[in-house]
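> Predicted coordinates and the sequence they were generated for:
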Amino acid sequence: MKAVVLAAGEGTRMRPLTSTIPKVMLPIANKPMLEHIVDAAIEAGIEGFVFITGYHEETIKEHFGNGEEWGVTIDYVHQKKQLGTANAIGCAKGHVEGSFIVLNGDVLLSSSHISKMIEREEDAIITVKRVENPSDFGVIETEGNRVSKIIEKPENPPTDLANAGIYLFRESIFELIENTPLSQRGEYEITDSLQMLIDSSDNVGYEVLEEEWIDIGRPWDLLDANKVLLGGLKPEIAGLVEPNATLIGDVSVGEGTLIRNGAYIIGPVVIGKDCDIGPNCFIRPSTTIGNDVHIGNAVELKNSIIMDGTKIGHLTYIGDSIIGRKCNFGAGTKVANLRHDGKNIKVNLKGKRTDSGRRKLGVIMGDDVHTGINSSINVGVVMESGSFTGPGEIVR
């Protein structure tokens with residue numbers, strides 16, 4: 001069986017992290033989120049993939065190639081315009097036979113759930129998740145073990161079963177997709193195609209998702225996903241750890257990386273290849289450090305994602321933050337991550353002030369950002385790719 005993976009979008013709510021790469025290639029626990037999805041699908045028995053790509057698709061192709069490294073086949077189909085989920089799934093016509101599973105490139109789930117899905121034999125299967133606030137989601141109405149209706153954000157939800165956007169289909173879905181009208185949003189919605197199938201068949205089922213499910217829609221969701229995935233980390237030391245460095249708990253160190261004396265690292269932490277860490281730095285749990293990263297003397301990191309090629313100068317603090325690629329922190333840069341009043345931190349996303357739902361959140365920093373010495377960055381700040389601060393500057 002093949003998996004069709006929807007990976008064409010930019011992820012505009014993830015800006016500026018997606019200024020040069022698609023959302024599905026953002027790193028979590030030092031692997032692109034799309035790779036975590038591929039790994040789970042392979043473990044469940046999937047042998048071939050169809051990637052529906054678009055925005056900066058070259059980065060996906062460069063990383064995965066034809067799938068040989070993973071022991072699978074990967075086909076690529078370019079979606080010219082993002083015209084909805086039905087349109088995206090329809091791009092896979094001619095690339096799959098019989099049954100196939102549809103996965104979203106920004107939704108992490110377990111291999112055990114995928115295994116349950118591919119064992120089903122109905123015309124279609126919808127993955128659903130029990131939620132406390134079903135009126136915020138598309139929900140299904142059921143009759144026994146069958147789906148009788150899909151309702152988008154109902155005022156009075158008939159069930160607490162929210163559509164999780166993961167499906168099992170047969171090739172017959174393509175004809176329904178071709179006959180699906182534009183929605184009020186101006187898109188071709190797969191839920192409309194599914195309702196057409198439900199109306200013509202009593203053989204659409206559902207599978208309740210009991211395991212971990214992480215929908216990554218906003219930058220801080222990366223931190224939640226990172227914490228979960230690091231929790232299953234199998235530590236491996238492939239680099240050099242000097243004798244007076246201290247590693248506690250599950251810590252992985254990549255090839256060519258040097259952990260200098262006085263470094264104090266509490267896992268779970270993963271550090272990539274060819275990094276220079278320390279001396280005398282403090283790296284706290286749930287931190288991911290990419291490849292070719294330098295962490296200087298007296299630097300403290302906590303619950304953060306540091307992407308490839310970034311240099312963090314001495315006397316710097318970064319907590320609860322996502323740092324892009326090839327950034328450079330001047331000595332003494334401090335990132336605040338907690339409001340004095342303890343309230344949730346708000347962030348500007350797509351021009352709107354958005355409640356992150358988090359009491360602790362530092363900076364969301366794009367690629368190639370440079371900070372001057374003794375810069376101070378306030379909570380919830382978004383710094384665009386290529387921006388910079390002067391010495392002693394305060395960023396609010």
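Great, that's in hand.

> Give the burial count for the closest residue to Ile126 other than its chain neighbours, as a bare number.
Spatial nearest neighbour of Ile126, excluding adjacent residues (Cβ to Cβ, 6 or more residues apart in numbering): Tyr206 at 4.8 Å. For the C-beta atoms, the positions are set from N, CA and C on the backbone; glycine is no exception. The number of residues packed near Tyr206 is 21, by other Cβ atoms under 10 Å.

> Could you list every helix and strand that the helix or strand containing Tyr206 packs against?
For Tyr206, the host element (DSSP states H and E) is strand 204-208. Using 3 or more Cβ pairs under 8 Å, 6 or more residues apart in numbering; DSSP states H and E, the elements in contact with strand 204-208 are helix 111-118, strand 124-130, strand 146-152, helix 190-200.

> State the mean pLDDT of the longest one.
So the one you mean is helix 190-200. Per-region confidence: helix 190-200 scores 88 on mean pLDDT.

> Kindly report the same for the third one.
The predicted model assigns strand 146-152 a mean pLDDT of 86.

> Just the residues contacting that strand, thanks.
For strand 146-152, the external contacting residues (Cβ atoms under 8 Å, 6 or more residues apart in numbering) are 126, 138-142, 157-158, 163, 191, 194-195, 198, 202-206.

> returning to that earlier point: list the contacts of the residue nearest to Ile126.
When the contact criterion is Cβ under 8 Å, 6+ apart, the partners of Tyr206 are 125-128, 140, 142, 145-147, 161.

> Selection in PyMOL covering whichever of those are buried, please.
This is the PyMOL syntax for the buried subset of these, where burial follows 16 or more other Cβ atoms under 10 Å:
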select buried, resi 125+126+127+128+140+142+147+161
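
> State the distance from His370 to Ile318.
Distance, His370 to Ile318, using Cβ to Cβ, to the nearest Å: 15 Å.

> quick one, which of the two is more surrounded?
More crowded of His370 and Ile318, by other Cβ under 10 Å: Ile318, with 26 against 16.

> Then that one would be within a strand, right?
Yes: assessed by DSSP: H, G, I helix; E, B strand; the rest coil, Ile318 belongs to a strand.

> Show me the beta-bridge partners of it.
Leu301 (DSSP bridges).

> Look up how far His113 lies from Glu141.
Separation of Glu141 from His113 (Cβ to Cβ): 22 Å.

> Comparing the two, which residue is more hemmed in?
A direct count of neighbours by other Cβ under 10 Å for Glu141 and His113 places His113 higher, at 20 against 15.

> And the helices in the stretch 201-350 of the chain?
Assigned by DSSP state H, counting those that start in this stretch, the stretch 201-350 of the chain shows helices spanning 221-230.

> cool, and the stretch 51-200 of the chain?
Remark: helices assigned in the stretch 51-200 of the chain by DSSP H, counting those that start in this stretch are 57-64, 85-90, 111-118, 173-178, 190-200.

> Strand 124-130 and the longest one, what's the angle between them?
Going by axes from the mean of the first three to the mean of the last three Cα atoms, to 10 degrees, helix 190-200 is angled at 120 degrees with respect to strand 124-130.
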